[in-house]
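**Student:** Following is a predicted model, sequence given first.
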Amino acid sequence: MLRGDRETIRPGWRLRLPGYATKGWLLGLLTVIAWFTIASAASKQELLISAAISLKEPLQEIGALFEQRHPEVKVIFNWGASGALQQQIERGAPVDVYVSAASKQMDELEAKDLLLNETRRTLAANLLVLITSSTLRSDFASFKDLTKSGVKLIAIGNPRTVPAGGYAQAALMSLGLWDSLQPKLIFTENVRQALAYVVRGEVEAALVYATDAQSAGEAVQVAVAPLEGSAPPILYPIAVVRTSKQSQEARAFVDLTLSEAGQRILRAHGFLPPPKVLAR
């Protein structure tokens, strides 16, 4: 080929720019990408879900599914004891959806007109179990074995603020054990803290939800099966908070938790379906 002729572009050919031009082009591209990323994040609506910590794993999965279906929404969770979360809402916390581990807290919010009308539903049910560490030799045959001298400490949620603690108190009172076990009881801030005490071997036993025992895997063992009829039914109500600025999205989240997809996730984590009469 003559020097003055136009060369054919060969495979693998690429435009070669001066170094400063290449760097400038890349910097500009990165700036544009960063701008769009920030703009996209800023444009997303935040949906705040205040929920009982015993629901953490399944609700996180449901939240991820909700974001897939609603890419314009970012789901943010606030975990804790149901009573503490209730108090936050009463003090004006910007919560969109509230999920409690007992009806009591939801009833009190409803009585104060802090829930959006006709959005309350029953999400799931649970069971109460007595657990011990898998590393300890357990010879519990019933809850009455908690009175044995070898059992020094028993963890339960604080009955005043933690529904699991209230259920535990009701169960122990129905068995006539509440008063005799008082010196051994350690009250925790939430049910997961009671679970952690058992996992770390800091207490001999704890009363927690069956789903908490399942979430801990082989670290704990269920010493005594659930006591049927010894405590009120363990139900999880869910509702949209009246002051929510995203009530439409909040309603959609509630609907997703009650849908077949949401209930499938809850069942996979050991939760029971809500009684049909209370589901709506």
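**Tutor:** Ah, there it is.

**Student:** Name the nearest residue to Thr211, ignoring sequence neighbours.
**Tutor:** Take Thr211 and drop its neighbours on the chain: the residue closest to it by C-beta to C-beta, 6 or more residues apart in numbering is Gly270, 4.2 Å away. Every C-beta, even on glycine, is put in place using the N, C-alpha and C of the backbone.

**Student:** Who are the contact partners of that neighbour?
**Tutor:** 210-211, 214-215 (C-beta atoms under 8 Å, 6 or more residues apart in numbering).

**Student:** do that again at 6 Å, thanks
**Tutor:** 210-211, 214 (C-beta atoms under 6 Å, 6 or more residues apart in numbering).

**Student:** ok, now Glu61?
**Tutor:** Ile265.

**Student:** Now name the helix or strand holding it.
**Tutor:** helix 56-69 (DSSP states H and E).

**Student:** CA atoms of that helix as PDB?
**Tutor:** What follows is helix 56-69 as a C-alpha-only set of coordinates in PDB (Å, rounded to 0.1, in the frame of the first residue of the first chain):
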ATOM      1  CA  LYS A  56     -35.900 -10.300  61.100                       C
ATOM      2  CA  GLU A  57     -34.900 -13.000  58.600                       C
ATOM      3  CA  PRO A  58     -38.200 -13.500  56.800                       C
ATOM      4  CA  LEU A  59     -39.000  -9.800  56.600                       C
ATOM      5  CA  GLN A  60     -35.600  -9.100  55.200                       C
ATOM      6  CA  GLU A  61     -36.300 -11.500  52.400                       C
ATOM      7  CA  ILE A  62     -39.800 -10.000  51.900                       C
ATOM      8  CA  GLY A  63     -38.200  -6.600  51.800                       C
ATOM      9  CA  ALA A  64     -35.800  -7.600  49.100                       C
ATOM     10  CA  LEU A  65     -38.700  -9.100  47.100                       C
ATOM     11  CA  PHE A  66     -40.600  -5.800  47.500                       C
ATOM     12  CA  GLU A  67     -37.700  -3.800  46.200                       C
ATOM     13  CA  GLN A  68     -37.500  -6.000  43.200                       C
ATOM     14  CA  ARG A  69     -41.100  -5.400  42.400                       C
END
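
**Student:** What angle do helix 56-69 and the next helix or strand after that helix make with each other?
**Tutor:** Later in the chain than helix 56-69, the nearest helix or strand by DSSP H and E is strand 73-80. With axes from the mean of the first three to the mean of the last three C-alpha atoms, to 10 degrees defining the directions, strand 73-80 sits at 170 degrees from helix 56-69.

**Student:** Strand partners (parallel or antiparallel) of strand 73-80?
**Tutor:** strand 45-52 (parallel) (DSSP bridges).

**Student:** Please point out which parts of the strand it pairs with sit buried.
**Tutor:** 47-52 (16 or more other C-beta atoms under 10 Å).

**Student:** Where does the prediction get shaky in the stretch 151-280 of the chain?
**Tutor:** 226-231, 277-280 (pLDDT under 70).

**Student:** any idea which element the closest residue to Phe140 other than its chain neighbours lies in?
**Tutor:** Spatially, and ignoring its direct neighbours in sequence, Phe140 is nearest to Ala223 (3.9 Å; C-beta to C-beta, 6+ apart). Under the criterion of DSSP H and E, Ala223 resides in strand 220-224.

**Student:** Direction included, what does the very next helix or strand once past that strand pair against?
**Tutor:** Per DSSP H and E, the first helix or strand lying C-terminal to strand 220-224 is strand 234-240. Using DSSP bridges, strand 234-240 pairs in its sheet with strand 97-99 (antiparallel), strand 121-126 (antiparallel).

**Student:** The first one: how far from the chain's middle?
**Tutor:** Just to be clear, that refers to strand 97-99. Centroid separation for strand 97-99 versus its chain: 10 Å, with C-alpha atoms, centre = their mean, to the nearest Å.

**Student:** same question, the longest one
**Tutor:** Relative to its chain's centre, strand 121-126 lies at 13 Å (C-alpha atoms, centre = their mean).

**Student:** ok, and what's touching that strand?
**Tutor:** 209, 211, 234-238, 257-258, 266, 271-272, 274, 278-279.

**Student:** Return the member of those nearest to Pro58.
**Tutor:** Checking the contacts of strand 121-126 against Pro58 with C-beta to C-beta, the nearest one is Leu266 at 4.9 Å.
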